[in-house]
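1. model this:
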Amino acid sequence: MKNLKALGLIVFALVIGLAAAVYAAGWVSRQGGVSLNKVVVAAVDIEPGSKINPEMLSNLDWPAGATPPGAFKNAVELQDRIAKVGILRGEPLLDGKLAPQGTKGGLSAVIAEGKRAMTVRVNDVVGVAGFALPGNYVDVMVNAQQEKSGNEEGKQISKTVLERVLVLAVAQEAGRDDTKPKVVSAVTLELSLEDSEKLDLARSVGTLSLVLRNQIDQKTVATAGITKDELFGGKKAPAPVPAPAAVRKPRPAMSAAAPAASRRHCVEVIQHGVLAVNCF
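-> Now for the predicted structure:
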């Protein structure tokens, strides 16, 4: 009886193995019929702004039906092209990830159309302790003295002047793959021309600080800033009340007897050396 059970298990195992072999052979034959294309991929990690050369590239077989749009089939087409974004090893090179033909290498190739790159000096506090890395977004805050208003002295104010500014580079590094903090002395930001003017004025009138924000947070919040009095719980000074205009008192009306008195006739009479006035 035991021999029959063992024999049955052996037969069952042989049947399962044969079915698996048949399935595998069919799968291999089907895969052999899939058409493949040659696609150029990165052989090494390519940093933004880098000039591409043949040593950075390799060819890889890619299913024709899954070839990404904008992919290149020949590495010669990529000679001296500039990477606009970081490209990882094994990733296909696409036309959208490259700067236009004729673009020179460096940071200028990374700047978006219509934007400008501006560098500001920072320290370990202003630079968010080195956590403001290329590819992050920051807000720019300025602490400055307000101008005098009338007889009032200018107040110290802290205010956010720019929001969601892209960090292009820290010091002289524009790579976006590193996540470790780097304490540097300068940070390069991507700004519109109008924002560049704001930042230039802000750094000349006060002290700048960078505020790191969430990558996917795109909300903007308009604030009026905060002064030292408001920070310590003081109330805003009331607006000065204008002095009331002078009120002219009306002249007293003349009584009816006054004109009559002015129309009376008086006669001076001298009698026994005494002067007397008689009116009638």
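2. use CA for all of it now, contacts and neighbours both
-> OK.
3. Asn123: what secondary structure?
-> Counting by DSSP: H, G, I helix; E, B strand; the rest coil, the backbone at Asn123 sits in coil.
4. before we move on, what about Gly154?
-> Note that with three-state DSSP, the state of Gly154 is coil.
5. how close does it sit to Gly26?
-> 84 Å (C-alpha to C-alpha, to the nearest Å).
6. could you do Met118 as well?
-> When C-alpha to C-alpha is applied, the distance between Met118 and Gly26 equals 61 Å.
7. give me the more crowded residue out of these two.
-> It is Met118, of Met118 and Gly26, that has more neighbours when counted by other C-alpha atoms under 10 Å, with 18 against 12.
8. quick one: contacts for the more buried one?
-> When the contact criterion is C-alpha atoms under 8 Å, 6 or more residues apart in numbering, the partners of Met118 are 188-191, 196.
9. ok so it is a helix residue?
-> No: with three-state DSSP as the criterion, Met118 is located in strand rather than a helix.
10. gap between it and Asp200?
-> Using C-alpha to C-alpha, Met118 is found at 9 Å from Asp200.
11. try Leu18
-> Leu18 sits 76 Å away from Asp200, taking C-alpha to C-alpha as the criterion.
12. for Arg81, same thing?
-> The gap separating Arg81 from Asp200 is 33 Å, by C-alpha to C-alpha.
13. of those two, who's got more company?
-> When neighbours are counted by other C-alpha under 10 Å, Arg81 comes out ahead of the other of Arg81 and Asp200, with 21 against 13.
14. wait, the more buried one sits on Asp95?
-> No: if you go by C-alpha atoms under 8 Å, Arg81 and Asp95 don't touch, sitting 9.8 Å apart.
15. mind naming the longest helix for the chain?
-> Among all segments of the chain classified by DSSP state H, the helix with the greatest residue count is helix 2-32.
16. and the following helix or strand past it, what other elements does it pack with?
-> Using DSSP states H and E, the helix or strand that follows helix 2-32 towards the C-terminus is strand 36-42. With contacts defined as 3 or more C-alpha pairs under 8 Å, 6 or more residues apart in numbering; DSSP states H and E, the packing partners of strand 36-42 are strand 57-63.
17. buried sites along the strand it packs on?
-> When neighbours are counted by 16 or more other C-alpha atoms under 10 Å, the buried residues of strand 57-63 are found to be 57-60, 62.
18. understood, closing this out.
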